[in-house]
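[1] give me a model of this one.
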Amino acid sequence: MYRKLPTTARALFDSSGELLALVADGENPLAFLDVAEGAQPLDRAGIAAALGELEPDALQAVIDAAIAEGQAIAASEDPIDAGVLARINLLADAREVAEGRITEIAAADEQAREQAAQALARLQPPAAAEEETPAEEETPAAEEPQPEAVAASGAQPRRQTTALPRPGSGAAGRASVTAAGAQPAQAPAVPVVRGALVASAGLEGAGIQGGTAIASRETLGDAILSKLRSLRRVTGGDGENVPVATVNLDFPEERTLGRDLATNTRRIREATAPEVLVASAEQARAGGALVAAALCAPINTEYDVPVIGSSARPVRDALTRFGADKGGLRWREHLSFADFAGATSVWTMANDEAVGTAQQVTKPCLDVECPDDAEAFVEALTFCLTFSNVTARFDPESTAANIEAAQIAHARFAENRLMAQIAALSTTVTSGQLLGTTRDLLVGLDRLQAAYRNFFRLEDSVALRQTCPRWLRDALRADLTRGMAGELEALSVADATINAWFAARNVNITWHLDGRPATVAGAGEVAMSNQFYGALADNAAIPDFPAQVESLLWVEGEMLHLDGGTMDLGVVRDSTLNQVNRYKLFSESFEGVAHRGVQAIRWVADTGTLGSVSGTTDVAAVLAG
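    The predicted structure follows:
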């Protein structure tokens, strides 16, 4: 059990509470391992870059701190979950990289001493050079560092959470006033669902232990090749799916649905409370540049295969996520006050005097029925690739790149599937074009909100969530760019400014990376152009923005994402594939959507980047037409 003293000291206790060691507390040598929330953890290359400029003493401090924190975790009675396991592997990588760096520094120092001795020998007089030979300095063998029973500060990794205040209720737009000595109010924390690609058993041939995290696509390629080699020595099992790695999702306890109905109800109610909003974070990855120079010798070959695209899931992350271990969710449908219109009336004095006469009337009373049950289930979203055994053996870079590209395609398919499910649960409304995209969309949102909030008697404090395609931001900027000369500041309008337009209307906006295919008017459907672009054609004109834009809108927290658990990644054994020297790679995730609200909206709006405003357009004529 690890405890941090209130003074500037650190202590390690055993399970019985006995003090094992006490040392002065200083700067944490492992601070470089802490990355921004939502960012990818450091791999060995990132650790090596962080330790590349350190001296041996500082490197030894990293080694000692990693060993100490590992001992603290081992002494703790807390369970080893996926987050702690990832931290253990990160500490082990830091120790090994630091030890390797110390060895490299020692070897470089030894080589420098030898070169200096040789150079000095060349400067000796001839007689002295024959009579005296510089004696080589003996370097004592480095002793294996002995771990000390001390604990580094922060031995127990803390779960990080993010939360954004509801638009209009945060620090923006008002000063933060805190009484002397009082703690400032904290925003509600949103539990974070973390995932890690974990190796399956049987990969020891590739130097990968089962249960360890796979941090790079190169390692994943090696794992697949190792699994294929092991399957050549196995008979039977035709058509069997053999896992190579699994994406384990660590759902916090408060975001896990189980068998207890009361617990499930409480957790969903807490997660969908008005003050708890879905938070999103943008990630940025630093990259390097390669500089070429004119050389006479043959150039090197780069075997890595570039992959462009993102596997981000903004639509999924805009929903309130829950782990659905039972494959679905059943709940009682919400009630709307509009269903009770027949239960209200007015009783006047004349009505009271008419009792017992021919003019007698009765007060209406609505017969209330039990709420209907609703249910939603997860679906399996799969993809499968076929590879050549020869390619897997001699070109693992290509295999890894194809896997990464397929995961990007899978992300697009899954996002569009979620949007299709949300659209099917929504009421479709439309709006036409009057001026330009910016003004038409914002006025349309104002009209939609006015009707929605009025009908359901929603307070302004109740936030709505809206999803729109990312290209709409470009269309809004283009529309403003084509506007009047007095709006030249629109040429550089920032994303934050656009987001603020929606935040001012108490709408949390999500910009997704995909889009659904076109629909044709008729049979209960409205006309909508493709919400995505095709590949740019050679010598062709730049495509225009789509003529319509589809957005989805619901009360924040009422649209749930049901996650069925892990996403498996592995190979398929098949006798037919073996005959043609091929193998298959499969992956699947289990997802679904549940709407626990009264009404969600699908809005299809006509758009046009005309830059028109009411001062340049005869609005009355347009409306009359």
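[2] which helices and strands sit right next to the strand ranked longest in the chain?
    Criterion DSSP state E: the longest strand present in the chain is strand 582-595. When contacts are defined as 3 or more C-beta pairs under 8 Å, 6 or more residues apart in numbering; DSSP states H and E, strand 582-595 packs onto strand 328-332, strand 373-377, strand 379-388, helix 389-394, helix 396-424, strand 559-563, strand 567-572. (C-beta placed from N, C-alpha, C; glycine too.)
[3] mind giving me the packing neighbours of the next helix or strand after that strand?
    For strand 582-595, the succeeding helix or strand toward the C-terminus, using DSSP states H and E, is strand 600-606. Helices and strands in packing contact with strand 600-606 are listed as helix 396-424, strand 426-431, helix 437-456, strand 548-555; criterion 3+ C-beta pairs under 8 Å, 6+ apart.
[4] follow-up on the earlier one: how about TSV for the helices and strands packed on strand 582-595, with mean neighbour count added?
    Output for these, formatted as TSV (neighbours: other C-beta atoms under 10 Å):
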stretch	mean neighbour count
strand 328-332	16
strand 373-377	14
strand 379-388	15
helix 389-394	14
helix 396-424	18
strand 559-563	25
strand 567-572	21
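[5] quick one: which of those is nearest Phe586?
    Phe586 lies closest to strand 379-388 among the helices and strands packed on strand 582-595, at 4.7 Å (C-beta to C-beta).
[6] where does the stretch 401-550 of the chain dip in pLDDT?
    484-490 (pLDDT under 70).
[7] and if we set it to 50?
    With pLDDT under 50 as the threshold, the stretch 401-550 of the chain has no low-confidence stretch at all.
[8] pull out the buried positions in stretch 83-96.
    Residues Leu85, Ala86, Arg87, Ile88, Asn89, Leu90, Leu91, Asp93, Ala94, Arg95 are the ones in stretch 83-96 that count as buried (16 or more other C-beta atoms under 10 Å).
[9] stretch 93-113 now?
    By neighbour count with 16+ other C-beta under 10 Å, stretch 93-113 contains the buried residues Asp93, Ala94, Arg95, Val97, Ala98, Glu99, Arg101, Ile102.
[10] can you name every helix or strand that the lengthiest helix in the chain contacts?
    Determined from DSSP state H, the single longest helix within the chain is helix 82-122. Packing partners of helix 82-122 (3+ C-beta pairs under 8 Å, 6+ apart): helix 44-51, helix 56-75, strand 194-199, strand 241-250.
[11] can you rerun that using 6 Å?
    Judged by 3 or more C-beta pairs under 6 Å, 6 or more residues apart in numbering; DSSP states H and E, helix 82-122 is in contact with helix 44-51, helix 56-75.
[12] CSV please, covering the helices and strands packed on strand 582-595 and showing distance to Pro543.
    Shown next, in CSV, are the helices and strands packed on strand 582-595 (distance: least, C-beta to C-beta, whole Å):
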stretch, distance to Pro543
strand 328-332, 40
strand 373-377, 37
strand 379-388, 27
helix 389-394, 35
helix 396-424, 18
strand 559-563, 31
strand 567-572, 34
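[13] to Val198, which of these lies closest?
    Each of the helices and strands packed on strand 582-595 has some distance to Val198 by C-beta to C-beta; the shortest is strand 567-572, at 10.1 Å.
[14] need the CA coordinates for the helix or strand following that closest one. PDB is fine.
    Downstream of strand 567-572, the first helix or strand assigned by DSSP H and E is helix 575-579. What follows is helix 575-579 as a C-alpha-only set of coordinates in PDB (Å, rounded to 0.1, in the frame of the first residue of the first chain):
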ATOM      1  CA  SER A 575      -8.300 -24.900 -46.200                       C
ATOM      2  CA  THR A 576      -9.400 -23.100 -49.400                       C
ATOM      3  CA  LEU A 577      -7.200 -20.200 -48.600                       C
ATOM      4  CA  ASN A 578      -4.300 -22.500 -47.800                       C
ATOM      5  CA  GLN A 579      -4.500 -24.000 -51.300                       C
END
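[15] quick one: buried residues of helix 575-579?
    Using 16+ other C-beta under 10 Å as the test for burial, helix 575-579 gives Leu577.
[16] repeat for stretch 36-49
    Buried, per 16+ other C-beta under 10 Å, within stretch 36-49: Pro41, Leu42, Arg44, Gly46, Ile47, Ala48.
[17] contacts only, for Lys363.
    With contacts defined as C-beta atoms under 6 Å, 6 or more residues apart in numbering, Lys363 is in contact with Ser345.
[18] what's the helix or strand for it?
    Assigning secondary structure by DSSP H and E places Lys363 outside every helix and strand.
[19] what's the distance between it and Ala341?
    Lys363 sits 15 Å away from Ala341, going by C-beta to C-beta, to the nearest Å.
[20] repeat that for Pro79.
    Pro79 sits 54 Å away from Ala341, taking C-beta to C-beta as the criterion.
[21] quick one, which of the two is more surrounded?
    Between Pro79 and Ala341, counted using other C-beta atoms under 10 Å, the more crowded position is Ala341 (9 against 6).
[22] three-state assignment of that one?
    Put simply, Ala341 is helix when judged by DSSP: H, G, I helix; E, B strand; the rest coil.
[23] now Ala358
    Following three-state DSSP, Ala358 is assigned to coil.
[24] follow-up on the earlier one: among the helices and strands packed on strand 582-595, which is nearest Ile498?
    helix 396-424 (20.7 Å).
[25] thinking again about what came up before, could you dump the helices and strands packed on strand 600-606 to TSV with distance to Gly70?
    As requested, these are arranged in TSV below (distance: least, C-beta to C-beta, whole Å):
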stretch	distance to Gly70
helix 396-424	30
strand 426-431	51
helix 437-456	53
strand 548-555	46
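[26] out of the ones you listed, which is closest to Arg266?
    Short answer: strand 548-555, nearest of the helices and strands packed on strand 600-606 by C-beta to C-beta, at 19.3 Å.
[27] mind listing what the closest one pairs with, with the direction of each?
    When sheet partners are counted by DSSP bridges, strand 548-555 sits next to strand 464-469 (antiparallel), strand 600-606 (antiparallel).
[28] and those, which is most packed in?
    Highest mean neighbour count among the strands paired with strand 548-555 (mean count of other C-beta atoms under 10 Å): strand 464-469, with a mean of 23.
[29] who's in contact with that strand?
    315, 318, 507-510, 512, 515, 531, 551-554, 556.
[30] tell me the first helix or strand C-terminal of it.
    helix 471-481.
[31] by contact count, what packs against that next one?
    Helices and strands touching helix 471-481, by 3+ C-beta pairs under 6 Å, 6+ apart, are helix 437-456.
[32] repeat that with 8 Å
    If you count contacts as 3+ C-beta pairs under 8 Å, 6+ apart, helix 471-481 packs onto helix 437-456, helix 495-503, strand 548-555.
[33] mind checking which of these is nearest Glu69?
    Comparing the helices and strands packed on helix 471-481 by their distance to Glu69 (C-beta to C-beta), the top pick is helix 495-503, with 38.6 Å.
[34] just checking, next helix/strand downstream of the closest one?
    Once the chain leaves helix 495-503, the next helix or strand it forms, by DSSP H and E, is strand 507-512.
[35] put the alpha carbons of that following strand into CSV.
    C-alpha atoms of strand 507-512 as CSV (Å, rounded to 0.1, in the frame of the first residue of the first chain):
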residue,chain,number,x,y,z
VAL,A,507,-26.1,23.7,-28.7
ASN,A,508,-23.1,21.4,-28.3
ILE,A,509,-21.8,20.9,-31.9
THR,A,510,-20.0,17.8,-33.1
TRP,A,511,-18.2,17.9,-36.5
HIS,A,512,-18.0,14.3,-37.9
